[in-house]
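[1] what follows is a predicted structure for the sequence shown.
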Amino acid sequence: MISSRKTPLQRLAEAAGVQTSYVDNTGVPRAASEETLTAILQVLGVDPQNPKEAFESMAAEKKKRVCEPVIVCWQKKTSPVVKINLSGERKVKLLLQTDGIESELKPDLLKNQDLRLPQLPTGYHKLIIEKGNDRTEALLISAPQKLFAPGEDLFQWGTFLPLYAAHSKESWGAGNFSDWKRLGRWLASKGGKVMGTLPILSAFLDYPVVEPSPYSPASRLFWNEFYIDITSLPEFQKSKAAGTTVGSSGFKRKLQKFKTSEYVNYPEEWALRRKVLETLAREFFSLESPRRREFEEYLQAHPEVEDYAAFRASCDRTKTAWQNWPDSAKAGKLPLSFYSEEVRDFYLYIQWIAQSQMDDLLASFGADGVRFYLDLPLGVNPDGYDSWRYREFFAAGASAGAPPDSFFTKGQDWGFAPLHPERSREQHYQYVIDYLRFQMRHTGMLRIDHVMGLHRLYWVPRGLPASAGAYVRYPAEELYAILSVESHRHKTMLVGENLGTVPPEVNESMDRHGVRRMYVLQYEQRPKGPLPKPDHFVAASLNTHDMPTFASHWAGNDIADRASLGLIPKKEIQQFKKVREQLRRTLVKFLKAKSLLLSAEPKTLEILAATLKFLARSPAETVLINLEDLWLEKRPQNTPGTTRERINWRGKSKLSLEQIEKNNQVVKILDEINSARQKLHSRPRQRR
């Protein structure tokens, strides 16, 4: 029983945006300890030693504030009105940003210190209030209430496969951008309209660490150069030195090992690729060519890449995380003497190449009418570029995570610092806007990992166990407004990962703003009763990259795996197996009742095909098919909660692209999916 009477520390925590209690996944209220609240308040920059005085001081500061640092103006028929504190004589002006052009307007002052603004164009504007030398500048976000959506109803389908898992005869082990381009063309020929994959953002593959997880990127502002197709580069085709390297017996021997390996070996494969890329970079900068002019134009359009390249070159030189650098470098100042200019140029070159090949990939998708479906990770690597350059946005001293539940009984600590809610507002969300813009201009659909993080995020103070965290609130409407602006600018549909125990306000906000939900069959199945039909405004699938594959789930392999990891007590294993058997029987019975399954004793492949048909015939706007399910793969791409215990983020597809294209089993199922989806296009338009 949690006391309804708040202590001074709890009142201070709640005023600072920290939830002093939460309801766990079993419905039991859990209170945050004083130790947890004290630690989180310190991370937020609030002094918890004298909570009553700190609370009164916080209230007084808020009362004196001229206006909030961020103001959302949802676009409606009536003119927006904002409240400001106009104590004394102040000048007020509004700077509108339209197509890069700034224009000044004077808003109308109403009684009770309200400002009536004109109808604002979609975008980010400035409200400036001055009194003598005092100047207050607020970010005005003018956004449509609903995020971008296509003008017609969609009944689209597509496939999912990690980019590293896709491989062909031409690729050097793991997949590359050219493999993905080829897969997209093949998908389009089958009628598919969505290509889904994991994040392909900048990664550490040598210094200062090797981090294969796509959910711990070195940056959310740059691409992972590991996926460059080296053999398609003009520099490679002209380079005698690179040709000699690739033609050597040692290189060929290593390459053959990578091609035949079941798993990607990132450090070794990157070392091999890097050796060739370094040769190409040296030759590129030693000669003048039309390609040099293209490179210079890229640098002019993207000046931020020079800072990123200097950071990566510094990591290579020091071979250690930036937290261990000298104070000036740690603070963001990198003198030329701190890194090798040649290495910096190498990173400039390969990031330009990665961007060029990404642009080519997107052009190919666009020509074929295929949406690129990317995943936006919740955080970044603590040793990475973003954590170094944009440190004021992060809450150092805490990690994002999740509270204990039936699956992770000790809670989860994901190891990266969460965004600081108030400092992000004070900085007008510039970093948030930058990484959202970078992703959305390259994708037709974007999945927001852990969409609950727009509302609240579980913080684990450094030094405390994951079970001793607490939830911190975020200004959700401001974040939805930014998502709305960027989604309309780039015509990007957004899907929110809302799986698991989700507070009601999250799904309500997603619906209000037009963020698509996820329908995942493994979550929706129940031991008894019919399978719920997906709504229209969802992305539907059998599973996700964090779940067992269909074949593994059907066989119950994941139960044995979780038991071996100690995630299921021995005394509960039989109960888990019993429930799984009930799920199997119920699903088969349901599919037979729908005339989707005709065999008396159906095999796993028949059940898979029938289940996919159920999704394909449903109203779901998007149906996403894990390609690995189609050949009954049992190995998962990721086992949550494990690092060294399991091989994660490295599994290559059992079938090469050439084999996928010619596999009768794969082609037959996809043709059936396409036929079912096509029949839905003639139905009356859905409205939301």
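    In hand now; what should we look at? Treat the numbers as computed from the prediction; the structure is a model and nothing was measured. Residues are numbered from 1 along each chain as shown.
[2] please count neighbours and contacts with C-alpha atoms only from this point.
    Will do.
[3] separation between the residue nearest to residue 491 when sequence neighbours are not counted and residue 484?
    Leaving aside its sequence neighbours, residue 491 sits nearest to residue 148 (C-alpha to C-alpha, 6 or more residues apart in numbering; 6.0 Å). Distance, residue 148 to residue 484, using C-alpha to C-alpha, to the nearest Å: 7 Å.
[4] of these two, which one has the most company?
    Shown here are residue 148 and residue 484; by other C-alpha atoms under 10 Å, residue 484 has more neighbours (29 against 22).
[5] please save the CA atoms from the strand or helix carrying the more buried one in PDB.
    Under the criterion of DSSP states H and E, residue 484 resides in helix 476-490. This file holds the C-alpha atoms of helix 476-490, laid out as PDB (Å, rounded to 0.1, in the frame of the first residue of the first chain):
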ATOM      1  CA  ALA A 476       4.900  14.700 -25.000                       C
ATOM      2  CA  GLU A 477       2.900  17.200 -26.900                       C
ATOM      3  CA  GLU A 478       6.000  19.200 -27.800                       C
ATOM      4  CA  LEU A 479       7.700  16.000 -29.200                       C
ATOM      5  CA  TYR A 480       4.600  15.000 -31.100                       C
ATOM      6  CA  ALA A 481       4.500  18.500 -32.600                       C
ATOM      7  CA  ILE A 482       8.100  18.100 -33.800                       C
ATOM      8  CA  LEU A 483       7.300  14.700 -35.300                       C
ATOM      9  CA  SER A 484       4.300  16.200 -37.100                       C
ATOM     10  CA  VAL A 485       6.400  19.000 -38.600                       C
ATOM     11  CA  GLU A 486       9.100  16.700 -39.800                       C
ATOM     12  CA  SER A 487       6.700  13.900 -41.000                       C
ATOM     13  CA  HIS A 488       4.800  16.400 -43.200                       C
ATOM     14  CA  ARG A 489       8.000  18.000 -44.600                       C
ATOM     15  CA  HIS A 490       9.400  14.600 -45.600                       C
END
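[6] and that helix, how far from the chain's centre?
    Centroid displacement of helix 476-490 relative to its chain, using C-alpha atoms, centre = their mean, to the nearest Å, is 15 Å.
[7] try stretch 10-24
    Centre to centre, stretch against its chain (C-alpha atoms, centre = their mean), the figure for stretch 10-24 is 27 Å.
[8] same deal with stretch 625-632?
    Its chain's average C-alpha position is 22 Å from that of stretch 625-632, according to C-alpha atoms, centre = their mean.
[9] quick one: residue 450 from residue 30, how far?
    Applying C-alpha to C-alpha to residue 450 and residue 30 gives a distance of 21 Å.
[10] ok, residue 159 next?
    For residue 159, the distance to residue 30 - C-alpha to C-alpha - is 40 Å.
[11] can you give me the helices in the stretch 401-550 of the chain?
    421-426, 430-440, 476-490, 504-513, 521-524, 550-555 (DSSP state H, counting those that start in this stretch).
[12] show the pLDDT at residue 259.
    The model reports residue 259 with a pLDDT of 97.
[13] which non-adjacent residue is nearest it?
    Residue 259 sits nearest to residue 173 (C-alpha to C-alpha, 6+ apart), 4.2 Å away.
[14] which SS class is that neighbour?
    Under DSSP: H, G, I helix; E, B strand; the rest coil, the three-state class of residue 173 is coil.
[15] residue contacts, it?
    167, 255, 258, 259, 260, 261, 264, 269 (C-alpha atoms under 8 Å, 6 or more residues apart in numbering).
[16] in which helix or strand does the fourth one reside?
    Take DSSP H and E as the rule and residue 259 turns out to sit in helix 249-260.
[17] what residues sit buried inside that helix?
    255, 258, 259 (16 or more other C-alpha atoms under 10 Å).
[18] where in this protein is pLDDT low?
    1-4, 87-89, 111-112, 682-688 (pLDDT under 70).
[19] so residue 159 and residue 30 - more neighbours on which side?
    Neighbour count, other C-alpha under 10 Å: between residue 159 and residue 30, residue 159 has more, with 22 against 15.
[20] wait, doesn't the more buried one sit right on residue 629?
    No - distance between residue 159 and residue 629: 10.4 Å, which falls outside the contact criterion (C-alpha atoms under 8 Å).
[21] could you dump the contacts of residue 173 into CSV and include distance to residue 416?
    CSV is the format used below for the contacts of residue 173 (distance: C-alpha to C-alpha, whole Å):
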residue, distance to residue 416
167, 31
255, 34
258, 31
259, 33
260, 34
261, 31
264, 24
269, 26
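[22] just give me the residue right at the centre of the chain.
    residue 376 (1.4 Å; C-alpha atoms, centre = their mean).
[23] quick one, phi psi at that residue?
    phi -100, psi 110 (degrees, to the nearest 10).
[24] check contacts around it.
    Counting by C-alpha under 8 Å, 6+ apart, residue 376 has contacts 199, 439, 446, 447, 448, 449.
[25] just give me the neighbour total for the closest residue to it other than its chain neighbours.
    Distance criterion C-alpha to C-alpha, 6+ apart; nearest residue to residue 376, sequence neighbours excluded, is residue 448 at 5.3 Å. Neighbour count of residue 448, defined by other C-alpha under 10 Å: 21.
[26] surely residue 448 touches residue 375?
    Yes - taking C-alpha under 8 Å as the definition, residue 448 is a contact partner of residue 375 at 6.4 Å.
[27] counting contacts, what elements does the longest helix seen in the chain pack onto?
    Criterion DSSP state H: the longest helix present in the chain is helix 341-368. Other elements packing on helix 341-368 under the criterion 3 or more C-alpha pairs under 8 Å, 6 or more residues apart in numbering; DSSP states H and E are helix 177-189, helix 266-286, helix 290-301, helix 304-318, strand 371-376.
[28] most neighbours per residue, which of the ones you listed?
    Mean neighbour count (mean count of other C-alpha atoms under 10 Å) peaks for strand 371-376 among the helices and strands packed on helix 341-368, with a mean of 24.
[29] contacting residues for residue 412?
    Applying C-alpha under 8 Å, 6+ apart to residue 412 gives the contacts 401, 402, 403, 404, 466, 467, 641.
[30] widest-spaced pair of the residues you listed?
    467 and 641 (14.1 Å; C-alpha to C-alpha).
[31] just to revisit the earlier point, okay, and which of the contacts of residue 376 map to strands?
    Mapping these onto strands (DSSP state E) picks out 446, 447, 448.
[32] from what I see, the second one and residue 498 are in contact.
    No - Residue 447 sits out of contact with residue 498 when judged by C-alpha under 8 Å, with a separation of 10.3 Å.
[33] which of these two has more neighbours?
    Higher neighbour count among residue 447 and residue 498: residue 447, with 24 against 21, using other C-alpha under 10 Å.
[34] is that one bridged to anything, and to what?
    residue 375, residue 495 (DSSP bridges).
[35] how about it, what does it touch?
    Residue 447 neighbours (C-alpha under 8 Å, 6+ apart): 373, 374, 375, 376, 494, 495, 496, 497.
[36] ok, now residue 64?
    Counting by C-alpha under 8 Å, 6+ apart, residue 64 has contacts residue 85.
[37] hmm, back to that, any idea how far the residue nearest to residue 376 is from residue 377?
    Remark: distance between residue 448 and residue 377 (C-alpha to C-alpha) = 7 Å.
[38] same question for residue 282.
    Between residue 282 and residue 377 the computed distance is 34 Å (C-alpha to C-alpha).
[39] can you check residue 307 too?
    Counting by C-alpha to C-alpha, the gap from residue 307 to residue 377 is 22 Å.
[40] what's the answer for residue 147, then?
    20 Å.
[41] and residue 582, by the same measure?
    Taking C-alpha to C-alpha, one finds residue 582 at 35 Å from residue 377.
[42] now swap in residue 152 and tell me
    In terms of C-alpha to C-alpha, residue 152 sits 29 Å off from residue 377.
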